[in-house]
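> Everything below, folded, please.
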Amino acid sequence: MSFDGCSSIKVPDSERNRGWLGRCPHGGYPQVELMTLVETGTRAVIGAVFGPTREGETSYATRLSHHLGPEMLVLWDRGFDGNDFLATVHATGARVLGRIRQRRRPPVLKPLADSSYLSVIGGVPVRIIEARVSVTCTDGSNFDGSYRLATTLLDARRHPADRLVHLYHERWEHESAYYALRHTILHGRVLRSHDPAGVEQEMWALLTLYQLLRRAMVEAAESRPGTDPDRCGFTIALQTARDLLVCAEGIFEQGIGEIGRRVLSGLSPARRTRVSTRKVKSPISRYAERKLDGRPDVSKVVTSIAITLLPPPSPEPALPATTARENTGSRLARVLAILQSEPERLWRSREIAELLGDVTLVATYRQLARWTERGMIKRVRTGRYTAITQVSTPLA
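Predicted structure coming up:
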């Protein structure tokens, strides 16, 4: 499974739509934020939610967490890197493989034989994988990139780090699903409705059409054992469905039907590994400017990919193996004294644990999160804490 958002579906610039979605910050039409949970093998949509772009991706994705279960492995990019979201997904029993931001400094709790290491993020036990990926193209050109992945698949023997790095690439299947929605079906058109109720109706109609076509394609692929659904052309399925609708043909046809037959007759060759820089044609997109990441301007076929697993960072000073029994209020008073000693400083969880000297890092994460929720200390950003001015006497 994969979480990803899309904020480039446009609606008419009417007063009611602006009241719901707000104005586009870069000018132009108001935009709908669409968040979906997609099964990457078939690109089928498992769940969807949409609304104003100001709410944020993790907020929308949390609404879809009820679709998750223990049999699932969920992929996501750096935009979903957040303690609360990770904890929410982990609570469903689903496994996680997600990219994390470079500014994170997860503690090295235990180095593993495959160069990954055990750590903890927001109270959730995770395994961190850092790797450098080197890509060579047919013309001899090459470039390097890096991944920092966090996963709740903790067994390095069952789930080797290099295989998980390869597996993470499946997240890009989600982008292909959005391409079919935004470009193949909508073809860049603006939705028609001038009020929120009509926009919602159009969005659900768009998602329903996408799902029906995707289902027909997958059923066609399954009718021919060994056929990868990736080889089925979404454009062929859409054009065939349009022809059948206009001519009112094949309404009661059984089996895979005309859509399936045409899809199978026009199967694409096995996918070649290709690479190019990320480019967006829309001038108001935040990705409109070309990123100087070393990737080629035009798509090139990849001849080889080398994955180098990086060793864990040097271990930090050891912390106690167990947390000493102490009144919670007393420990809170000590933490407040530490924070207030340098009120302008943004304190890391580990720095606080080292100064306390009698608490494990996991317990520190848990207690800091609890005190933050109660408004006793302030979390400025991920893993950084500071004192709140005029704090009253701490509660036990």
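
> And for Ala248, the neighbour number?
By the criterion of other Cβ atoms under 10 Å, Ala248 has 7 neighbours. (C-beta placed from N, C-alpha, C; glycine too.)

> One more: Gly19?
Applying the criterion other Cβ under 10 Å, we find 11 residues in the vicinity of Gly19.

> Give me the three-state assignment for it.
In the three-state summary, Gly19 is assigned as helix, counting by DSSP: H, G, I helix; E, B strand; the rest coil.

> Quick check: pLDDT value at it.
At Gly19, the pLDDT value in this model is 94.

> Ok, Thr382 next?
On pLDDT, Thr382 comes in at 65.

> Over to Thr328?
What the model reports for Thr328 is a pLDDT of 64.

> repeat for the one 3 residues further on
Among the per-residue scores, Arg331 shows a pLDDT of 89.

> Can you get me a residue count around it?
Using other Cβ under 10 Å, Arg331 has 20 neighbouring residues.

> That one and Gln367 touch, don't they?
Yes: taking Cβ atoms under 8 Å as the contact criterion, Arg331 and Gln367 are neighbours in contact, 6.9 Å apart.

> Quick check: neighbours shared by those two?
Val359 (Cβ atoms under 8 Å, 6 or more residues apart in numbering).

> Pass me the low-pLDDT residue ranges in this structure, would you?
25-26, 250-254, 277-294, 315-316, 328, 381-382, 389-396 (pLDDT under 70).

> domain assignment for it?
As given by automatic domain parsing, the domain ranges for the chain are 2-176, 202-271, 328-387.

> Val190 is nearest to which of these?
The closest of the domains of the chain to Val190 is domain 2-176. By Cβ to Cβ, the value is 4.6 Å.

> Work out the gap between that closest one and the centre of the chain.
Centroid displacement of domain 2-176 relative to its chain, using Cα atoms, centre = their mean, to the nearest Å, is 1 Å.

> how many other residues sit next to the spatially closest residue to Thr152 that is not a sequence neighbour?
In space, Thr152 comes closest to Val96 once its chain neighbours are excluded; the distance is 4.7 Å by Cβ to Cβ, 6 or more residues apart in numbering. Applying other Cβ under 10 Å, we find 23 residues neighbouring Val96.

> Val96: which element?
Counting by DSSP states H and E, the element that carries Val96 is strand 95-99.

> In terms of secondary structure, what does that strand contact?
Counting contacts by 3 or more Cβ pairs under 8 Å, 6 or more residues apart in numbering; DSSP states H and E, strand 95-99 packs against strand 73-76, helix 83-91, strand 142-151, helix 161-168.

> Now the third one: buried residues?
Read it as strand 142-151. Under the neighbour-count criterion of 16 or more other Cβ atoms under 10 Å, strand 142-151 has Tyr147, Arg148, Leu149, Ala150, Thr151 buried.

> Tell me the strands beside that strand, with direction?
The partner list of strand 142-151 in its sheet, established with DSSP bridges, is strand 95-99 (antiparallel), strand 124-137 (antiparallel).

> got JSON lines for those strands, with distance to Ala306 too?
Output for the strands paired with strand 142-151, formatted as JSON lines (distance: least, Cβ to Cβ, whole Å):
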{"stretch": "strand 95-99", "distance to Ala306": "19"}
{"stretch": "strand 124-137", "distance to Ala306": "4"}
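
> which of those strands sits most buried?
With neighbours defined as mean count of other Cβ atoms under 10 Å, the strands paired with strand 142-151 peak in mean count at strand 95-99, which reaches a mean of 22.

> Next, the angle helix 83-91 makes with that one.
150 degrees (axes from the mean of the first three to the mean of the last three Cα atoms, to 10 degrees).

> What's the first helix or strand after strand 95-99?
Downstream of strand 95-99, the first helix or strand assigned by DSSP H and E is strand 110-111.

> which residue packs closest to Ser176, ignoring adjacent ones?
Per Cβ to Cβ, 6+ apart, closest to Ser176 is Arg43, 6.1 Å.

> what's near enough to touch that neighbour?
Contacts for Arg43 were tallied using Cβ under 8 Å, 6+ apart; they are Glu173, His174, Ser176, Ala177, Ala180, Arg214, Pro229.

> I appreciate the help and will end here.
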